[in-house]
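fold the following.
(chains A, B and C)
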Amino acid sequence: MIAFILRRVGMIIPTFIGITLLTFSLIHMIPGDPITVMAGERGVSDVRRAELEAQFGLDKPLYQQYLTYIGNIAQGDFGKSLITKEPVLDEFITLFPATMELSLFAAIFAIAIGLPLGIIAAVRRGSVFDHSVMTISLTGYSMPIFWWGLLLIILFSVILGWTPVSGRISALYWVDTVTGFMLIDAWISDEEGAFTSAVQHLILPSIVLGTIPLAVIARMTRSSMLEVLGEDFIRTARAKGLSPIKVIMKHALRNALIPVVTVIGLQIGILLSGAILTETIFAWPGIGRWLLESIHRRDYQVVQGGILIIATMIILINLLVDVLYGVINPRIRHAS
Amino acid sequence: MSLLEVKNLSVSFGPEGKAFKAVDRVNLTVNAGEVVGIVGESGSGKSVSSLAIMGLIDFPGKVHAEQLHFEGQDLQALSEKARRQITGDEIAMIFQEPMSSLNPCFTVGDQIMEAIEVHQGGKKKERRAKAIELLKQVGIPAPESRLDAFPHQLSGGMSQRIMIAMAIACDPKLLIADEPTTALDVTIQAQIIDLLLDLQKEKNMGLILITHDLALVAEAADRIIVMYAGQVVETGPVDELFAAPQHPYTQALLNSLPESSLGHRRLQALGGVVPGANDRPTGCLLSPRCPNAQDHCRQQEPEATGSIERQVKCFFPLNQPGSSAA
Amino acid sequence: MTTATMQPPTPFREFWGYFSQNKGALIGFFYILFIMFVVVFADLIAPHHPYEQFRQSLLLPPIWLEGGSWSHILGTDDIGRDILSRLIHGSRYSMLAGAMVVTISLFIGITLGVLAGYLRGAFETLIMRIADVMLAVPSLLLAIAVVAVLGPSLLNATLAIVVVSMPHYIRLARASTIAEMSKDYVISSRVSGASAFRIMFITVLPNCLAPLIVQATLGFSNAILDMAALGFVGLGAQAPIPEWGSMLADARQFVQSAWWVVTFPGVAILTTVLAFNLMGDGLRDALDPKLKQ
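Okay, here's the model as predicted:
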C-alpha cells in the first residue's frame, strides 16, 4: 500500500513542475514587457522602470528568473497583489473557505441526489423514471451555469422571494470570522437568526454550482450500475438467494462506485470552474470571483499565483482520489 | 416423489408474437441422489432451462411451466421471498466461468460466509469455522489463509472449488452445475468433476450436470437428456442412450466424437447450423439437417413418444427395440 | 425449407437504423440542421439589424406581455436592440466557435495523440505530461488565463478554448491507439512492412474513429458553453457583437426588471447545446458495438 502511494506521488512531481513553468511563462507571454503591463495606463518613468526591473529580477536571464520563482514558491511566496500589495497566498487563504464551503455543499447536493437517482434509474432500466432521470441530467449539463443561476434568482428570489439574491449572509448581521466557514461562524456567534440567514444564502448557490456535477454523477452511476448488473458475480449473488436490495446495495454498488469515485474526483476541477461563474452571479466572496476580478484589473501576480495554488490543489486531490481508488478496488492495489 | 419435477417449461424472449423461444416445452425429472446430464450444443437452451428453474430469468424473458415442483412444492406459486429462501439453500447452482462469478471486491471468505449467513445465520466466528470446513471439503489446502484472499488472486480451478464450497454451504438437496469445467484446464477438469461426484455421493444430492462433453456425462450421469434448439429430443438411462440412441441428433453427436471417425478420412459432422431466432424451420427442428428427414418431418412437429424412462421426439426414431440396428 | 438469408446491411444503413430509433438523437439532429439554416440565412430571417438601436423602445417586453409589440417579438434590450434579431445573428458566433474549436483541437489533438500512442517512449511521456499540466488547471480558469494573456476578443476566446480542449483529444486518441496497437491486425500490418504513417493514420485511426466522433460532437457543445462563459465574464466577444454569452453579461443587471433580456439568450444556448448532446448520445449508442443486439 505504501509503495502504491509513493509511486503515485512520484508521478505528480513532473506535472507540478510543468505547472510552475506554465504559470511562470504566463506573465512573459503577455504582449509587451511585464513592466509596461504591470504599470498599466499610468505609464512608468525610466528611473522607476529600472527600479522595478531590479526589484522583480527582470534584468536577469530567464532561467535564473525561473529558479528564483521556484525558490520563492518553495518558501510559500506566491507574489504580491499589484493592487492591494498583500501577499497572494494570504489573500487566497482568507477567501478560500468561502469557496470551499460553497463547493462542499454543492458536492453534497450533487452526490446525495445524483447517486440514488443513478442507482434507481439503472435498476428500473427503461422505465419512465429512467427516461426522466436521463433527460433531466442531460438538460443539467447542457445548461450554461451562469444562466441557470440567473434563472433561479429570478424565480426564487425575485418572484417568490424565498431566497436572497446575493452574498453569504444578510447585511444585518455582523459575524466574526473564526473559521471562514459562514455556517460555523454564524452558529457560534451570538447573533440570533444569523445561522438561518447563512443557510438561506447558501441554498441557491449550492444548487446552481452542484447542478452539473449532479447530472454527471447521475449518468455515470447509472451506466456503471448497468454494466455491473450484467456481470456474472451478480448472477452468483442472486443464486445464493440474496434479496434484491442486498444484491444491488452490497454486491453491485461496491463495484459500480469505482468509476463513479473517479468521476467525482474529476468534478473538483469542474466545481472550481463553476465557482468562478457562480460566485460572480451571487456576489459570493470566494477565490473564483477574486481571480476573475484580478484579471479584469490586470493584477497578474494574483492570476499567476492563484492559478498555481489552485492547480496544485487539484493535483493533490487527484492523488487522493487515486489512493482512494486503490483502497476500493483491490485489483489495483496488488497490481505491480 | 421425485426431487424436481418440471413439465412443459418454456422460456421466451421478446415481444408477444415475435418472441424467441429459447426453451420450448421441456420436461425434466430429477430424483434424490440421481445424476442427470443435460447435453447439447451452444444455443440448445440447456443453461436457460436451469436458470429458469432457479428463478433467475429476468425481464424481458418470460417463463411458463405447466409444472415446476421441487420436493412436491410448486415453485411458481411461491412468493418471491419464499422462493429466495429455497434458492441457495435447497437448490444451488454453479456456473461456467468461476473467475468472473466471484465478486472482485470481497474476499473469498466473505462470500462463503455470506452464503451461510443468508440461510443459516450464526455468529461470525461460527460461520468462519464453517467456511474453513467447507474449504477443506472442496480440497483447498491451507484454508485458513485462503479465506482472506481476493478472487483475482486465485486460479480457475481454485475459484471453481470456492464456487462449489459456496453452493454446498447449506447442504442443498439439488445442485445444478452449468458447464462447470468448460473454462478450466484439462487436468483440472477431472479433479473438479471428481470433487463434484464425491460430494454428490456423500450428501446424496441430486445433481444436474449441464455440458456439451459427451465423454463426461457417459462417466458421471445416471440419466441423460439431449437438447436441441430449445427442445428435449431424447431422454434415457445413460448406458441405453449411448449404446442405442434413438434420435438422429443423438446419433450425430456420438458420430462427431473423434473416436467414432477412426478409419474414416474426415470427421463426421452434421451439415448446417442450429436454428437461431430468425430461421426456425416448420415441422421438426432438426429436419433441415437430419439425414433421415422425410416430407412429413418438415411439415409436422413430432411429439415425444416412449415411456417415462425412455423418450424420444422423432417420427422415425433409430434403434427401436425389436428393429434392426441403424 | 428454412427462410432465406438476408443481405447484411451496409455500415451506414446499420448505423442509421440504430440512430434513427433514438428519438432524442433525431430531434437533436434536426434541430442542428435548423440552426445551421439560421446561421446561413440570418440576414434574411432576422427582422432587424442586430446593432440597430430603437431609441423609442428601450427594454420593451416580449409580445405576449403588456407593452409588447409585433415588431419586437422577443422584446428589446436596454439600448433598444431587437433581441430576436440578435439571437439569430448570435447563432453564427456560437456555431463558428464550436466548429473552429472542434476542427482545430481535433486535428492537432488526434495527431499528437496517435503519434504519442504509436511512438511511445520519451515523446509520449512529454506529450502526456503537457496534457496533464493543462488538465490540472480547471478548464475555464485556463481559458481565462489564455485570454488574459492575449486580450479579450472573439478570436482569442476561440483560441483559448482550442488550447483547453486539446488535452482531452490527445488523451483519447492516445488511449485508443495504444489499445489498437496490440491487436493482431496492426501487428500483421507491421510485419508486412507498412510504413509508420500508413499504420498510424490508415490502419489504426479509422478504428479509433467512433469514440472520437462522439467526443467531437460533445466537444462542440462544450465549446459553445465555454464561449458563452467567456462572453459572460467579458472576455469573449466584445460589444456590440451579439454572441449569446455576451448578451447575458449585459443582462445581469436586469434580473429584477426585465427578465426577458436574461432568459432568451440562455434558452438559445441551452437548446443548441442540448441538441448536440442528444445527437452525441445517439451517435455513441449507434456506434458502440457492445450495445448492438
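
what does the model give A:Ile270 for pLDDT?
The pLDDT attached to A:Ile270 in the predicted structure is 80.

doesn't C:Pro138 make contact with it?
Yes - the criterion here is Cβ atoms under 8 Å, and A:Ile270 meets it with C:Pro138 at 7.1 Å. C-beta: built from backbone N, CA, C; applies to glycine.

which one of those two is surrounded by more residues?
When neighbours are counted by other Cβ atoms under 10 Å in any protein chain shown, A:Ile270 and C:Pro138 differ, and C:Pro138 comes out ahead with 24 against 19.

gap between the more buried one and chain B?
C:Pro138 is 32 Å from chain B, where distance means Cβ to the nearest Cβ, to the nearest Å.

correct me, but that residue touches A:Gly306?
No - applying Cβ under 8 Å as the test, C:Pro138 and A:Gly306 come out as separate, 11.1 Å apart.

who's in contact with whichever residue of the stretch 101-250 of chain A sits closest to chain C?
Going by Cβ to the nearest Cβ, chain C is nearest to A:Trp147 of the stretch 101-250 of chain A, at 3.2 Å. Counting by Cβ atoms under 8 Å, 6 or more residues apart in numbering or on different chains, A:Trp147 makes contact with C:Leu248, C:Val262, C:Pro265, C:Gly266, C:Ile269, C:Leu270.

in helices, which of those fall?
Among those, DSSP state H puts C:Leu248, C:Val262, C:Pro265, C:Gly266, C:Ile269, C:Leu270 in helices.

any idea how far the fifth one is from chain A?
With the distance defined as Cβ to the nearest Cβ, C:Ile269 ends up 5 Å from chain A.

what is the neighbour count of the residue in the stretch 1-150 of chain B that chain C sits nearest to?
Nearest residue of the stretch 1-150 of chain B to chain C, counting by Cβ to the nearest Cβ: B:Gly14, 10.5 Å away. When neighbours are counted by other Cβ under 10 Å, B:Gly14 registers 14.

list the residues that contact it.
B:Phe20, B:Pro60, B:Ala277.

apply 6 Å and report the result again.
For B:Gly14, the contact set (Cβ atoms under 6 Å, 6 or more residues apart in numbering or on different chains) comprises B:Phe20.

now the spatially closest residue to B:Pro143 that is not a sequence neighbour: which helix or strand?
Spatial nearest neighbour of B:Pro143, chain neighbours left out: B:Leu135 (3.5 Å); criterion: Cβ to Cβ, 6 or more residues apart in numbering or on different chains. For B:Leu135, the element it lies in under DSSP states H and E is helix B:124-137.

packing partners of that helix?
Helix B:124-137 is packed against helix B:108-120, helix B:143-146, with contacts defined by 3 or more Cβ pairs under 6 Å, 6 or more residues apart in numbering or on different chains; DSSP states H and E.

and the contacts of the longest one?
The set of residues that contact helix B:108-120 without belonging to it, under Cβ under 6 Å, 6+ apart, is A:240-242, B:89, B:127, B:130-131, B:147-149, B:162, B:165-166, B:169-170.

show me what the most centrally placed residue in chain B is bridged to.
Closest to where the C-alpha atoms of chain B average out (Cα atoms, centre = their mean) is B:Ile210, at 2.9 Å. Following DSSP bridges, B:Ile210 is listed with bridge partners B:Ile38, B:Asp178.

that one contacts B:Ile176, doesn't it?
No - in this structure B:Ile210 lies outside contact range of B:Ile176 using Cβ atoms under 6 Å: 7.2 Å.

strands of chain B, start to end?
Here chain B has its strands, by DSSP state E, at B:4-13, B:20-30, B:35-39, B:61-64, B:67-70, B:73-74, B:91-94, B:174-178, B:206-211, B:223-228, B:231-237, B:305-306, B:311-312.

could those go into TSV alongside mean pLDDT?
Shown next, in TSV, are the strands of chain B (pLDDT from 0 to 100):
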stretch	mean pLDDT
strand B:4-13	89
strand B:20-30	88
strand B:35-39	93
strand B:61-64	86
strand B:67-70	89
strand B:73-74	88
strand B:91-94	92
strand B:174-178	93
strand B:206-211	92
strand B:223-228	92
strand B:231-237	91
strand B:305-306	84
strand B:311-312	87
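
for those, give me JSON lines that also has distance to C:His89.
JSON lines is the format used below for those (distance: least, Cβ to Cβ, whole Å):
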{"stretch": "strand B:4-13", "distance to C:His89": "53"}
{"stretch": "strand B:20-30", "distance to C:His89": "55"}
{"stretch": "strand B:35-39", "distance to C:His89": "71"}
{"stretch": "strand B:61-64", "distance to C:His89": "55"}
{"stretch": "strand B:67-70", "distance to C:His89": "69"}
{"stretch": "strand B:73-74", "distance to C:His89": "72"}
{"stretch": "strand B:91-94", "distance to C:His89": "66"}
{"stretch": "strand B:174-178", "distance to C:His89": "65"}
{"stretch": "strand B:206-211", "distance to C:His89": "69"}
{"stretch": "strand B:223-228", "distance to C:His89": "69"}
{"stretch": "strand B:231-237", "distance to C:His89": "68"}
{"stretch": "strand B:305-306", "distance to C:His89": "82"}
{"stretch": "strand B:311-312", "distance to C:His89": "80"}
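
so which of these is nearest C:Asn22?
strand B:4-13 (21.9 Å; Cβ to Cβ).

how far off centre is that closest one?
Strand B:4-13 has its C-alpha centroid displaced from the chain centroid by 13 Å (Cα atoms, centre = their mean, to the nearest Å).

against which helices or strands is it packed?
For strand B:4-13, the helices and strands in contact under the criterion 3+ Cβ pairs under 6 Å, 6+ apart are strand B:20-30, strand B:61-64, strand B:67-70.

can you pull the buried residues of the helix or strand C:Phe12 falls within?
Take DSSP H and E as the rule and C:Phe12 turns out to sit in helix C:11-21. For helix C:11-21, burial by neighbour count (16 or more other Cβ atoms under 10 Å in any protein chain shown) applies to C:Tyr18, C:Phe19.

does it reach chain A?
No - contact of helix C:11-21 with chain A (Cβ under 6 Å from any Cβ of the partner chain) is absent, the minimum separation being 13.5 Å.

where does residue 128 land on pLDDT?
The chain I'm using is chain A. In this model, A:Val128 is scored at 88, pLDDT.

chain B is the one I meant
On the pLDDT scale, B:Arg128 is placed at 90.

can you report how many residues neighbour the closest residue to it other than its chain neighbours?
Here the nearest residue to B:Arg128 in space, its sequence neighbours aside, is B:Met113; by Cβ to Cβ, 6+ apart that works out to 6.4 Å. By other Cβ under 10 Å, 23 other residues sit near B:Met113.

just the helices and strands packed on helix B:124-137: most buried one?
When you average the neighbours per residue for each of these (mean count of other Cβ atoms under 10 Å in any protein chain shown), helix B:108-120 leads with a mean of 21.

quick one: average pLDDT of it?
Rounded mean pLDDT across helix B:108-120 is 90.

okay, the angle between it and helix B:124-137?
The directions of helix B:108-120 and helix B:124-137 differ by 110 degrees, with axes from the mean of the first three to the mean of the last three Cα atoms, to 10 degrees as the criterion.

contact residues of chain B facing chain A?
Proximity of chain B to chain A, by Cβ under 6 Å from any Cβ, involves residues B:56, B:84, B:87-88, B:93, B:97, B:100-103, B:105, B:115, B:118, B:150, B:152.

run the last query once more with 7 Å
Selection of chain B residues close to chain A by Cβ under 7 Å from any Cβ of the partner chain yields B:54, B:56, B:84-85, B:87-89, B:93, B:95, B:97, B:100-105, B:114-115, B:118-119, B:150, B:152, B:166.

who are the contact partners of the closest residue to chain B within the stretch 201-336 of chain A?
Closest residue of the stretch 201-336 of chain A to chain B, Cβ to the nearest Cβ: A:Gly241 (3.3 Å). Residues in contact with A:Gly241 (Cβ atoms under 7 Å, 6 or more residues apart in numbering or on different chains) are B:Arg84, B:Gln85, B:Thr87, B:Gly88, B:Asp89, B:Val118, B:His119.
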